[in-house]
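Chemist: Quick one: sequence and predicted model below, then my questions.
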Amino acid sequence: QIRTSALIAGGMMNSYLAYISHSIRVMFPVIGAIGLPGVLYFGMQFTGGFLVLLCILLWNRWYVSRHGESPCATESGSTSQPLAWPSALAGRPPISKAAIRSFSLLFRMACMTVPLMLGIEWLLKNGVLDFWETALPHAVTELFPTELLSAVAAQFGGLVQSSAVAANLRAEGLIDNSQILLAMLVGSALGNPFRALRRNLPSALAIFPVPIALSIVLGMQLSRFLVTLAGIAGVVWMMLNTP
């Protein structure tokens, strides 16, 4: 009933909305832990994703205008009506379910964040990460010191864990806000492909034909990588030009 271009555009839009939904669940504890870097991080991701969606919609509009309107399916299409608001809202999770999710997040923080922080303290104090300072030029290690490796690695366990580790390092005076933002962006660029293989691609393959699923997932991952790369470049430029 719709063209392939519209199906891909719709899938990408749903992917962005799912990303927003997931990010909101962790946004508040992340911002509570690191403050301004967290606000800037989510602001970059949300704004960049929104601009990508505008480009996708413009592309779909151009494609449709070039190849003609979608075929009309009034005779063979479904005649079911949209659900009324009371029926549509009946499936929303109750407050009890939201409380369970919040407590499960706190439980994961206790089980993952504390061991990560203790492990990183042990690695730093025993010189395990000293190779970073000697293997790279001084200009690189000044922007991205050894301590940021721990924040990037912690992001593979989640943004909440990474922000808690970064907040602890900042409290000790080892990193500053701009370096925290840089570490979060680098961790996002490195971790997004793994999250796509674990969650996005299986979900898309279960819903769409293989070519369309690959187009949606690869297109969104490439756009997010480019947005994150632009954010990294902007943060590095700011750090180099700030006295």
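Modeler: Nice, I can see it. Numbering: from 1, shown residues only.

Chemist: how about the helices in the protein?
Modeler: 4-34, 36-67, 85-89, 95-108, 114-125, 131-135, 138-143, 146-154, 159-171, 177-195, 201-207, 210-240 (DSSP state H).

Chemist: can you list these in JSON lines and add mean neighbour count and mean pLDDT?
Modeler: Just so you know, the C-beta spots here come from the backbone N, C-alpha and C atoms, and that holds for glycine as well. Listed next are these as JSON lines, based on neighbours: other Cβ atoms under 10 Å; pLDDT from 0 to 100:
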{"stretch": "helix 4-34", "mean neighbour count": "17", "mean pLDDT": "87"}
{"stretch": "helix 36-67", "mean neighbour count": "16", "mean pLDDT": "88"}
{"stretch": "helix 85-89", "mean neighbour count": "9", "mean pLDDT": "59"}
{"stretch": "helix 95-108", "mean neighbour count": "11", "mean pLDDT": "69"}
{"stretch": "helix 114-125", "mean neighbour count": "15", "mean pLDDT": "63"}
{"stretch": "helix 131-135", "mean neighbour count": "11", "mean pLDDT": "55"}
{"stretch": "helix 138-143", "mean neighbour count": "12", "mean pLDDT": "60"}
{"stretch": "helix 146-154", "mean neighbour count": "22", "mean pLDDT": "76"}
{"stretch": "helix 159-171", "mean neighbour count": "24", "mean pLDDT": "86"}
{"stretch": "helix 177-195", "mean neighbour count": "21", "mean pLDDT": "86"}
{"stretch": "helix 201-207", "mean neighbour count": "14", "mean pLDDT": "79"}
{"stretch": "helix 210-240", "mean neighbour count": "17", "mean pLDDT": "88"}
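
Chemist: hang on, isn't Gly11 packed against Ile216?
Modeler: Yes - shown here, Gly11 and Ile216 form a contact pair, counting by Cβ atoms under 8 Å, at 3.9 Å.

Chemist: what sits in contact with each of the two?
Modeler: Residues within reach of Gly11 and of Ile216 at once, by Cβ atoms under 8 Å, 6 or more residues apart in numbering, are Ala204, Phe208.

Chemist: Excluding its own residues, what touches stretch 223-231? List them.
Modeler: Stretch 223-231 has contacts (Cβ under 8 Å, 6+ apart) with Met44, Gln45, Gly48, Gly49, Leu51, Val52, Leu185, Ser188, Ala189, Asn192.

Chemist: same thing with stretch 30-41?
Modeler: 27, 42, 159-160, 163-164, 166-167, 170, 177-178, 180-181, 184-185, 188.

Chemist: Just the CA atoms of it, as PDB, please.
Modeler: The C-alpha trace of stretch 30-41 is given here as PDB (Å, rounded to 0.1, in the frame of the first residue of the first chain):
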ATOM      1  CA  VAL A  30      23.100  10.900  33.800                       C
ATOM      2  CA  ILE A  31      22.500  14.600  34.000                       C
ATOM      3  CA  GLY A  32      22.200  14.400  37.800                       C
ATOM      4  CA  ALA A  33      25.600  12.700  37.900                       C
ATOM      5  CA  ILE A  34      27.600  14.900  35.500                       C
ATOM      6  CA  GLY A  35      25.500  18.000  35.000                       C
ATOM      7  CA  LEU A  36      26.200  20.200  32.000                       C
ATOM      8  CA  PRO A  37      28.200  17.600  29.900                       C
ATOM      9  CA  GLY A  38      25.100  15.400  30.100                       C
ATOM     10  CA  VAL A  39      22.800  18.200  28.900                       C
ATOM     11  CA  LEU A  40      25.100  18.900  26.000                       C
ATOM     12  CA  TYR A  41      25.500  15.200  25.100                       C
END
